[in-house]
Structure formats: C-alpha cells, structure tokens
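Asks: I'll drop the sequence and a predicted model, then ask my questions.
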Amino acid sequence: MYILGIESSCDETAVAVIEREEHDRVIAEKIKSQIPLHAKYGGVVPEIASRNHYEVIDYLTAAVLKEAGITIDDIRAIALTLGPGLMGSLLVGLSFAKGLAFANNLPLVAVDHVLAHIESAFIDHPGIQYPLVALVVSGGHTTLFYQKSKFQTEVIAKTRDDAVGEILDKVAKFYGLGYPGGPILDKLYKGGDPHRYSFTIPKMSDGSDDFSFSGYKTAAIRHPAGKDADPGGQDFKDLIASFLNSVVDYLLTRTQSAVENTKPRSVIVAGGVSSNSLLREKFTQAFTGSTTNLYLSSPRYCTDNAAMTAWLGYEKYRSFPNINYFDRYLNSYSRASFRDRGPKPGR
Ligand code: KG4
Ligand code: ZN
C-alpha cells in the first residue's frame, strides 16, 4: 500500500511516498530546504518559513507523485506532521493535507513530529526490538523517551531550556560561522583537541533527570579561547572540539543511565543532531559489545523529512484502521500526556 507523507513543521517542506506491506521502502521523496532563505538572519524566520511552505507544497507533492509513477488514486492514506513545530508552517501542511484528503476521500493520519524522528530509525533497521530508549536531538528538541511499544511512550527527560541543536546554531551564529551551525561545527571540531578545555556538565538542583543546555551556550560564547574567533586558529578549533565533546558526553552518559535504569532491548538516536560525526562515533563505541543494540537513524533521515512521517503514519493506520482524526492531544509534551496514550477513535 502507498502512503503519502507531508512534513512542514519548520524550515523544510518535505513530501514522500512510501510503500509498505508487499515491500517496505521509500518510493519517492523531495525536500525543499529553506536554509538559504533563513541563513542571512542566522535562524528560522517563522513568517518567511510559512510563506515558502505555501509556495512550494503543491508542486512538490505533484512532483513526488510523478516521480513515484503513481497518482493520488493509488494512495491509501495521507500522513501529516501535526506538531510540534512553527504554527504557521504547520498550518500550511495541515490545510493542504486536509484538502487533499477530503477531495480524494482519503484518511488523514496525524503524526507527532518527535515520535516520527524516533520512527526514522526503523526505515533502514526494520528489526528494532521493543522496549526501547530513544534520544531525539534536534534544533527544537532534546528528549529521552522510553517506549514499551510503538504507541506506549513515556518521557524520561527533556531539556528545560535550549535544545542541543539550538545551542550549536547559536554558538556558530555568535562566532559568525554561518547557519545552521551543527554541520559547520561538525567540520570544524575535527582539527581541534577535544580535551584541551573543560566544560561543567549541568546538574539539576532539584535532582531531576532533565537536560539543560543554556549554560553550555554561555560558557562557549564567553570562553577566552573564542576571543578572536578565528576559525583557522588552533585555540578556537580546540574550543569547538572541547565544547562538542562535552555536549556529546553529556548526552551519552544520560542515555547510558536511562539504559541502566530501564533495561531496554534497543536504543535509538535520531533527529538532526544525530547526524553529528562525533556523536555517532562515541555512541557506537559505547554500545559496542552491549546487550542493548544501538540504532542510529540513517544520516539522510536524521534531519526533517517526510519519509519518517509516512513511516509512522502507516504504523498508526495499520494499528488503528479507523484512524482519521484531528488529535489535539498530540501537541502536548508533558510526561503525563505521553503515558498510556493511544489514539482516540475516529470521528
Ligand atoms: O531534526 P532537524 O532537521 O529539525 C528539527 O526538528 O529541529 O534538526 C536541525 C538541527 C539544527 O540545529 C542543525 O544545526 C542540527 O540539527 N544538525 C547538526 C548536524 N546536522 C544538522 N548538528 C550537529 N552535527 C551535524 N552534522
Ligand atoms: Zn525535526
């Protein structure tokens, strides 16, 4: 069966057609990145983002269907990112998907963007076993989840301030390195000594497992080694390498303690920041020989894409065939809201 996925939560308009059941594969996908539009502002400008989604979503969908060699009549369900994300951007995707679903009498499956990041690991690793711990690290989120099964999700810890991708972007912006900062720092750190400078690992005063990244950001931008901000200078490269190394160690030790506490069969790391080469190297090293299997989302599915939306949409559609609803609940991120949550019956 063919599922159409639509993602427009931030600054990528993405559309994909996947085939599930007979074959499990991504048939066609297109991502229109808005990075060049936002780069000069050093971050995403919401109004520019939603206008650009509005301009491209229609032809992008037509182009993906054409590339897949099918028409809308061959699609069984439409999966859509309902949230979280930028409201204007989400609304463009939602309005478009609703219209398409209504006009073609297709079920509309609303998908949570962060859970879709977790699902992205399944595209290339279909054998992942539950229960699992998932670390989602992106520009908007840093959350550790425990999933007993695909639709039983609990939040173990989440950031109380900035997301990890956000601090990488902000530090790169502060030093005038460009946007988005994550991939730039990923290249820069390679020439530096990761042990030259030390950073304090954040600890919550209330004893909570939650993350905090804003202190890292401040420490990196106020660091004496950043004074000249010369990307070619050794001190600066050492600063970036030490900063990134400490951030990755923080994510790793917290993931390891979640694994110790919950004893899952698998660990997933997903989201834009999971394409970071140091993170991939350190996590791979740490879980080699462990009884818990590590699955890193494939690099092409780490950052925002619609294949992961469609993949999770299919799973919901298959598990709850009557699904066709607008579930407000999906937008809520409190721990309680994730517990024991299952889709509600269709209207
Ligand atoms: O998942 P994503 O595309 O969007 C959100 O849902 O937020 O993640 C974007 C984030 C940005 O902060 C970007 O700097 C970061 O992912 N990123 C990276 C790398 N590639 C993208 N961070 C570190 N290393 C990378 N190679
Ligand atoms: Zn994302």
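Replies: Cool, the structure landed. Ligands and ions are numbered 1, 2, ... in the order given.

Asks: dihedrals phi and psi, the residue of the chain positioned farthest from its centre?
Replies: Among the residues of the chain, the one whose C-alpha is farthest from the average of all C-alpha positions is Asp228, by C-alpha atoms, centre = their mean at 33.1 Å. Summarising the backbone geometry of Asp228 under the convention degrees, to the nearest 10, its torsions are phi -90, psi -10.

Asks: could you measure from it over to Gly139?
Replies: Look at Asp228 and Gly139: by C-beta to C-beta, to the nearest Å, they are 27 Å apart. From N, CA and C alone the C-beta is placed, and that goes for glycine too.

Asks: can you give me the buried ones in stretch 149-165?
Replies: For stretch 149-165, burial by neighbour count (16 or more other C-beta atoms under 10 Å) applies to 150, 153-159, 161-165.

Asks: likewise stretch 80-99?
Replies: Applying 16+ other C-beta under 10 Å to stretch 80-99 flags 80-86, 88-90, 92-94, 96-97 as buried.

Asks: and the host helix or strand of Ala62, which residues are buried?
Replies: Assigned by DSSP states H and E, Ala62 belongs to helix 46-68. Judged by neighbour count using 16+ other C-beta under 10 Å, the buried positions of helix 46-68 are 46, 49-54, 56-57, 60-61, 64-65, 68.

Asks: adding pLDDT and distance to Tyr314, write these out as a markdown table.
Replies: Shown next, in a markdown table, are the buried residues of helix 46-68 (pLDDT from 0 to 100; distance: C-beta to C-beta, whole Å):
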| residue | pLDDT | distance to Tyr314 |
| --- | --- | --- |
| Pro46 | 94 | 30 |
| Ala49 | 95 | 27 |
| Ser50 | 97 | 27 |
| Arg51 | 97 | 30 |
| Asn52 | 95 | 28 |
| His53 | 96 | 23 |
| Tyr54 | 97 | 27 |
| Val56 | 97 | 24 |
| Ile57 | 98 | 21 |
| Leu60 | 98 | 20 |
| Thr61 | 98 | 18 |
| Val64 | 98 | 16 |
| Leu65 | 98 | 17 |
| Ala68 | 98 | 15 |
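
Asks: from those, which is closest to Ala172?
Replies: Ala49 (19.3 Å; C-beta to C-beta).

Asks: state the distance from the closest one to Ile35.
Replies: From Ala49 over to Ile35 (counting by C-beta to C-beta), the distance is 11 Å.
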